[in-house]
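Structure of the sequence below:
(one chain, ligands or ions: 1)
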Amino acid sequence: MGALENKKILLGVTGGIAAYKAVELLRLLQKAGAEVRVVMTKNATAFVGPLTFRAISGHAVYLDVLEEDPEGGIRHIAWADWADAVVIAPATANCVAKLAHGFADDALSTLMLAVRAPVLICPAMNTHMYESRPVQRNLDLLEASGMTVLEPDSGDLACGVTGPGRLPDPAFIADRLVKLLVPKDLKGVRILMTAGPTQEAIDPVRYISNHSSGKMGYAIARAAEYRGADVALVTGPVSLPFPVGVERISVKSAREMLAVMENRMERADIIIKVAAVADFCVQNAADHKIKKTEGAPVIVLEKNPDILATLGAKKSHQFLVGFAAETRDLAAYAKDKIARKNLDMIVGNLVSGPDSAFGSDLNTVTFFYPDGSEEALEALPKERVADLLLDAICARRRCRGGLDA
Ligand code: C5P
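Purely as a prediction, here's the structure:
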């Protein structure tokens with residue numbers, strides 16, 4: 001969530017049962033490096049005391065448009081100008097209606113008229129209220145005025161009804177706020193990616209695989225989605241939260257991955273193959289579980305298809321990026337793969353020793369290009385590597401007259 005680092009976020013809290021979740025949201029935003037100020041409506045204070053928000057945010061909570069600003073300014077203007085982004089969570093039907101029609105009868109609605117920064121509205125209310133014509137109309141008006149409206153979750157509501165109206169998880173709200181703050185330099189660009197390991201069956205319950213955690217690939221998919229790309233992620237089995245807003249295609253074996261990639265490559269502008277594809281599969285995979293009473297089995301391996309090389313041979317307009325995980329002679333192997341697999345770029349990393357990229361949150365990579373140039377990066381969080389990789393891809397595509405937005 002690097003985009004929240006040093007950002008000034010205004011958190012509006014209105015009078016719904018989900019107001020308690022705004023406390024966790026505040027903490028998450030702070031943890032991601034943001035400075036947060038809180039504006040509450042009078043009804044919100046019936047659900048959570050302003051003292052809680054004051055103590056955690058480190059700022060007096062803005063409650064009353066008529067009360068004197070301790071800093072001597074005109075608070076509804078000063079705070080509106082101060083904010084890099086505004087999030088209202090939860091936003092009640094009344095709050096939504098007031099914002100849609102430009103009312104200014106309390107601190108929050110008055111301040112909102114002066115806000116120029118991006119706004120995220122998180123409506124939360126009873127399902128029937130949420131689905132009512134006036135609320136839907138008002139939400140449309142907010143979107144038409146440039147605000148982003150988050151769809152509420154479906155589930156059991158405090159009022160006993162089951163349906164849409166729940167405030168989404170604070171981590172999800174924070175994630176969508178990041179997206180709001182990231183410049184959309186990949187808007188409309190179609191990215192097809194792979195990540196994670198593949199699993200090659202020995203029998204229905206056993207397989208051959210590798211230590212790939214999927215973290216690097218998932219970080220790239222998430223960063224690309226924040227930047228506005230349409231991302232499809234073909235993923236081997238990993239235990240990571242799937243990036244919001246990314247299309248998921250789950251596969252197990254290399255052959256399944258190849259079939260999906262061949263099928264979809266035509267529709268992609270950029271293809272990034274991060275997956276650690278197993279080089280071998282089992283030629284004599286058993287249809288039923290191999291029993292130990294039968295003695296030690298002989299497992300015969302055969303080579304898997306090289307997905308990246310197959311795509312490289314067929315590519316037309318696509319910008320094709322591979323990864324090279326090596327335990328030695330990184331540059332020589334990486335350069336050989338660029339040529340052999342017909343790539344536009346390869347990301348090389350060493351995967352042995354204590355600083356191995358496998359499973360780690362850090363990665364030390366070098367970008368190699370077909371013209372022989374290379375760029376070595378220091379050890380960085382995978383989120384940062386993801387953004388620098390996307391920057392490098394954008395720059396190279398621009399050079400060759402690509403379609404960057
Ligand atoms: O040849 P090597 O496995 O080192 O190449 C790594 C790159 O090739 C990665 O981008 C990986 O996703 C891709 N690859 C592939 N199919 C294979 C093996 C590797 O697409 N069978």
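
And for stretch 295-303, what's in contact with it?
Under the criterion CB atoms under 8 Å, 6 or more residues apart in numbering, residues Ile202, Asp279, Phe280, Cys281, Val282, Gln283, Asn284, Ala286, Ile290 lie in contact with stretch 295-303. Just so you know, the C-beta spots here come from the backbone N, C-alpha and C atoms, and that holds for glycine as well.

Also stretch 129-147?
Against stretch 129-147 from outside (CB under 8 Å, 6+ apart): 93, 96-97, 99-101, 119-121, 123, 125, 149, 152, 163-165.

redo that, cut-off 10 Å
Under the criterion CB atoms under 10 Å, 6 or more residues apart in numbering, residues 86, 88, 91-102, 112, 115-116, 118-121, 123-126, 128, 148-149, 151-152, 157, 159, 161, 163-166, 180 lie in contact with stretch 129-147.

again with stretch 157-165
Counting by CB under 10 Å, 6+ apart, 16-18, 90, 123-131, 151-156, 166 sit against stretch 157-165.

so does the helix ranked longest in the chain get close to the ligand?
Counting residues, the longest helix in the chain under DSSP state H turns out to be helix 382-399. No: looking at helix 382-399 against the ligand by CB under 6 Å from any ligand atom, there are no contacts, and the closest approach is 12.5 Å.

same deal with stretch 247-266?
Yes: contact of stretch 247-266 with the ligand (CB under 6 Å from any ligand atom) involves Ala254.

Show me which positions of that stretch end up buried.
Buried residues in stretch 247-266, counted by 16 or more other CB atoms under 10 Å: Ile249, Val251, Lys252, Ser253, Ala254, Glu256, Met257, Leu258, Val260, Met261, Arg264, Met265.

again, but for stretch 313-326
Lys315, Gln318, Phe319, Leu320, Val321, Gly322, Phe323, Ala324, Ala325, Glu326.

Retrieve the pLDDT associated with Leu362.
Predicted confidence (pLDDT) for Leu362: 88.

What of Val161?
On pLDDT, Val161 comes in at 82.

burial of it, as a residue count?
A total of 15 residues lie near Val161 under the criterion other CB atoms under 10 Å.

ok, now how distant is it from Asn126?
As judged by CB to CB, to the nearest Å, Val161 and Asn126 stand 6 Å apart.

Close to the ligand: what parts of the stretch 251-400 of the chain are there?
Residues of the stretch 251-400 of the chain lying near the ligand (CB under 6 Å from any ligand atom): 254, 273, 275, 277, 279, 304, 306-308, 322-324, 337.

where does the stretch 301-405 of the chain have low pLDDT?
353-359, 401-405 (pLDDT under 70).

those helices in it, which residues are they?
Remark: helices assigned in the stretch 301-405 of the chain by DSSP state H, counting those that start in this stretch are 307-314, 330-340, 382-399.

Leu388: which of the contacts of stretch 295-303 is nearest?
Checking the contacts of stretch 295-303 against Leu388 with CB to CB, the nearest one is Asp279 at 28.1 Å.

contacting residues for that closest one?
Going by CB under 10 Å, 6+ apart, the list of residues near Asp279 reads Thr198, Glu200, Ile208, Asn210, Ala254, Leu301, Lys303, Asn304, Asp306.

if we go to 7 Å?
Lys303, Asn304 (CB atoms under 7 Å, 6 or more residues apart in numbering).

swap in Leu113?
Leu113 makes contacts with Gly102, Ala104, as judged by CB under 7 Å, 6+ apart.

Compute the first-to-last residue distance for stretch 101-118.
End-to-end distance for stretch 101-118, by CA to CA, to the nearest Å: 18 Å.

Is it possible to get the helices of the stretch 301-405 of the chain out as CSV so that each row also shows distance to Gly72?
Converted to CSV, these look like this (distance: least, CB to CB, whole Å):
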stretch, distance to Gly72
helix 307-314, 62
helix 330-340, 59
helix 382-399, 40
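
Trp79: which of the ones you listed is closest?
Closest approach to Trp79 among the helices of the stretch 301-405 of the chain (CB to CB): helix 382-399, 29.7 Å.
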